[in-house]
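**Student:** How does the following fold in three dimensions:
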Amino acid sequence: MLKVLVMYSWDDDTSKRRWEWLSKGADLQGIVLSQCFALNSSKETVSSDRVCQRLVAAIENLHPDIVLIHTGAAYHRAPSAFAEVARTISGSYPNIRLGFERRYDDSGTLESTGVFDRSEDTINAERMLFSW
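**Tutor:** Numbering: from 1, shown residues only. Take a look at the predicted model:
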């Protein structure tokens, strides 16, 4: 089983609907899917330390094979903070493959870090989770 952890912005009605859709509608055969949130709420300020701390806690708890970053509202507030998080996670957890929602990385900030995986498993997980 492939364990995939997705980091969304924060837990709200949109994330609940997204998770419900994934749980009911996505073909998750062979995938154990988990989620975490970059921030506690939309009112919280984005900082790479805070986001990294939350992601590390989820990684330590879930031990995923792949971590995917959703390029939603929190990302758009501070793309460079998420790039720093990606570099930190890549250095600290070299066996975890990183991916992200590519269609909304308009600035190319995440792609430019060079830490993201382009394996078939990661690309398929990105397509499955970010195509709705």
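
**Student:** Only C-alpha atoms from now on, for both contacts and neighbour counts.
**Tutor:** Will do.

**Student:** contacting residues for the closest residue to residue 40 other than its chain neighbours?
**Tutor:** Take residue 40 and drop its neighbours on the chain: the residue closest to it by CA to CA, 6 or more residues apart in numbering is residue 10, 5.7 Å away. For residue 10, the contacting residues are 37-42, 74, by CA atoms under 8 Å, 6 or more residues apart in numbering.

**Student:** please redo it, this time with the cut-off set to 10 Å
**Tutor:** Residue 10 sits next to 16, 36-44, 72-74 when contact means CA atoms under 10 Å, 6 or more residues apart in numbering.

**Student:** Kindly report the same for residue 9.
**Tutor:** 15, 36-42, 46, 51, 69-76.

**Student:** Hmm, residue 85 is touching residue 51, no?
**Tutor:** Yes: using CA atoms under 10 Å, residue 85 is in contact with residue 51, at 7.1 Å.

**Student:** among the contacts of residue 9, which are in helices?
**Tutor:** Among the contacts of residue 9, the ones falling in helices (DSSP state H) are 15, 51, 73-76.

**Student:** about what we covered before: can you redo the contacts of residue 10 as CSV with distance to residue 128?
**Tutor:** Below are those laid out as CSV (distance: CA to CA, whole Å):
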residue, distance to residue 128
16, 17
36, 17
37, 19
38, 20
39, 23
40, 25
41, 25
42, 25
43, 29
44, 29
72, 16
73, 20
74, 21
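
**Student:** now those residues: which count as buried?
**Tutor:** Among the contacts of residue 10, those buried by neighbour count (16 or more other CA atoms under 10 Å) are 36-40, 74.

**Student:** TSV please, covering the residues you listed and showing pLDDT and distance to residue 97.
**Tutor:** TSV is the format used below for the buried ones among the contacts of residue 10 (pLDDT from 0 to 100; distance: CA to CA, whole Å):
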residue	pLDDT	distance to residue 97
36	96	16
37	96	18
38	97	18
39	96	22
40	93	25
74	95	21
